[in-house]
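Trainee: Predicted coordinates and the sequence they were generated for:
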Amino acid sequence: MNELISIIIPVKNGHKYIREAVAGIRKQNMDVEIIVVDDGSDDDTANIAGELGCKVVRHEVNKGPVVAKNSGLKAATGSFVMFHDHDDIMRDGALQTLYNSFDENTDAVEAKVVDFYSPELTEAERRQSVIKTEPFYGLFTGAILIRKSAFDKIGLFPENMRAGEMLDWEHKMKQNGLTIKKIDLVSTDRRIHTTNFGKTDQQTEYKDYAAVLRARLMKK
Amino acid sequence: MKYALNEAKIYADITDGIAILINSETGIYYGMNSFASDVYKNLTEGVSTDDILAAANNMPGVPANFADTLNEFVAKLVEKGILLEAGEGSSTASLDAAAAKESDFVLEFNEFNDAQELLLADPIHEVKEEEGWTPETSSLNPDKEDVARREAKIDR
């Protein structure tokens, strides 16, 4: 068996898709604990997650995806962690391939994701959401397996951020001499639907991005 | 000549006097030193290059060839699609003498592509408020000391 992998699903109001996401993880046939961080949902996401045998961490107040990731990390007991969105579907065998790609010098393994339109979307809704047609790197969801020990070195995500946590994570991994290995694998299908993007204040979110980029430049 | 920020594709942020510009279409980002950031800020506020040059020429220590430096800087910003030529502007130039001195009147402007994948992977979208997922403002941690402690641990 593998060392325990903690798969963290931060979610708000995910009742429509979370069953599929959990089923995709269970099909990996790996030793995993699935931690659902219910971030103040108004729906029955937490109950569904409990019924599916997931460990549930509940935020009574909506704190956002960044804080939810941290709550998942605090609850994780595995030697490896992965973040997985509640609406995405991991491909069969992907977790094993990610796991097998580690060696002693690897702290994280990154695969690609590919977008797909959720089947219920109308043609008009599809036209409103442009998707990437080619697989791509750069998202946590179901694509990056990380040694839990990496977070002992880099700390949790900064909770004053609303966006850009992946940029921050990658930057701090490099700063701490931790290695991210990319592999040519599409691990997860990322569902595009009408509600999967966080409601954003563009100026605020780009300001978070800029803050991380500014920190990167200070280190160059 | 007057200019305006190409807001359709460039996001710009100036914090602590340092500008960071992100091209949302390419994932390329740009950094500047403090004086370049100050000149850039004037440009995007509608100050003409002539007025900026006049203000710079009133500062002690300005190099004789500063007009060339300024023109080259502006040309780069236009070439990169950051600035667009604009018609009217009403601001008067306001340059920071300390930034000019600190930067020795050099207008440093650098381009970076080391975050392209991440900046392009998950573009920022506007969605309906009732459907989205954003934190309650009160739940975000505004405690600067706590943030500094966290950063100190991470940056050690």
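Mentor: Noted; the coordinates are in hand.

Trainee: drop to CA atoms for contacts and neighbour counts, all remaining ones
Mentor: OK.

Trainee: what bits of the chain have low per-residue confidence?
Mentor: This is for chain A. For chain A, applying pLDDT under 70 flags the ranges A:195-203, A:219-220.

Trainee: wait, I meant chain B there
Mentor: For chain B, applying pLDDT under 70 flags the ranges B:88-90, B:122-156.

Trainee: Correct me if wrong: residue A:98 contacts residue A:142.
Mentor: No. Contact status for residue A:98 versus residue A:142: not in contact, 10.1 Å apart, counting by C-alpha atoms under 8 Å.

Trainee: Show me which of those two is the more surrounded one.
Mentor: Between residue A:98 and residue A:142, residue A:142 has the larger neighbour count (other C-alpha atoms under 10 Å in any protein chain shown), namely 31 against 22.

Trainee: Okay, strands next: where are they in chain B?
Mentor: Taking DSSP state E, the strands of chain B run over residues B:2-5, B:10-15, B:18-23, B:29-32, B:83-86, B:109-112.

Trainee: Regarding residue A:43, what is its secondary structure?
Mentor: coil (DSSP: H, G, I helix; E, B strand; the rest coil).

Trainee: Dihedrals phi and psi, the residue lying closest to it once chain neighbours are set aside?
Mentor: Leaving aside its sequence neighbours, residue A:43 sits nearest to residue A:13 (C-alpha to C-alpha, 6 or more residues apart in numbering or on different chains; 5.5 Å). Here is the backbone geometry of residue A:13 (degrees, to the nearest 10): phi 60, psi 60.

Trainee: before we move on, what about the one 4 residues further on?
Mentor: For residue A:17, the backbone dihedrals (degrees, to the nearest 10) come out as phi -120, psi -10.

Trainee: Does it touch residue A:118 like I think?
Mentor: No. In this structure, residue A:17 is not within contact of residue A:118 by C-alpha under 8 Å, at 9.8 Å.

Trainee: pretty sure residue A:161 belongs to a helix, no?
Mentor: No. Residue A:161 sits outside any helix when classified using three-state DSSP, being coil.

Trainee: Check the burial of it by counting its neighbours.
Mentor: The tally of other residues near residue A:161 (other C-alpha under 10 Å) stands at 23.

Trainee: wait, doesn't it sit right on residue A:208?
Mentor: Yes. The pair residue A:161 and residue A:208 passes the contact test of C-alpha under 8 Å, sitting 6.1 Å apart.

Trainee: In this structure residue A:118 contacts residue A:190, no?
Mentor: No. If you go by C-alpha under 8 Å, residue A:118 and residue A:190 don't touch, sitting 9.1 Å apart.

Trainee: circling back: now for the residue nearest to residue A:43, how many residues are close by?
Mentor: Neighbour count of residue A:13, defined by other C-alpha under 10 Å: 21.

Trainee: if I look at residue A:100, how far off is chain B?
Mentor: Separation of residue A:100 from chain B (C-alpha to the nearest C-alpha, to the nearest Å): 24 Å.

Trainee: and what of residue A:183?
Mentor: Where chain B is concerned, residue A:183 sits at a distance of 15 Å (C-alpha to the nearest C-alpha).

Trainee: Which strands or helices does the longest helix seen in chain B pack on?
Mentor: For chain B, the helix with the greatest residue count under DSSP state H is helix B:66-79. Contact here means 3 or more C-alpha pairs under 8 Å, 6 or more residues apart in numbering or on different chains; DSSP states H and E; on that basis helix B:66-79 packs against helix B:49-57.

Trainee: the more surrounded of residue A:118 and residue A:190?
Mentor: Set residue A:118 next to residue A:190 and count neighbours by other C-alpha under 10 Å: residue A:190 wins out with 25 against 16.

Trainee: check contacts around that one.
Mentor: When contacts are counted by C-alpha atoms under 8 Å, 6 or more residues apart in numbering or on different chains, residue A:190 touches A:87, A:88, A:89, A:113, A:114, A:115, A:116, A:141.

Trainee: same deal with residue B:106?
Mentor: By C-alpha under 8 Å, 6+ apart, residue B:106 lies in contact with B:35, B:36, B:69, B:100.

Trainee: Residue B:104 is in contact with the third one, correct?
Mentor: Pointing back at residue B:69 there. No. Between residue B:69 and residue B:104 there is no contact under C-alpha under 8 Å: 11.9 Å.

Trainee: quick one, which of the two is more surrounded?
Mentor: Ranked by neighbour count (other C-alpha under 10 Å), residue B:69 and residue B:104 place residue B:69 first, with 16 against 13.

Trainee: Distance check, the more buried one against residue B:110.
Mentor: Using C-alpha to C-alpha, to the nearest Å, residue B:69 is found at 15 Å from residue B:110.

Trainee: what's the closest non-adjacent residue to residue A:30?
Mentor: Distances taken as C-alpha to C-alpha, 6+ apart place residue A:2 nearest to residue A:30, at 6.8 Å, with adjacent residues excluded.

Trainee: Helix, strand or coil: sort out the one you found for me.
Mentor: From three-state DSSP, the assignment for residue A:2 is coil.

Trainee: any idea how far it is from residue B:25?
Mentor: Distance of residue A:2 to residue B:25, computed by C-alpha to C-alpha: 41 Å.

Trainee: quick one: stretch B:57-64 to chain centroid distance?
Mentor: Mean-position distance between stretch B:57-64 and its chain equals 23 Å (C-alpha atoms, centre = their mean, to the nearest Å).
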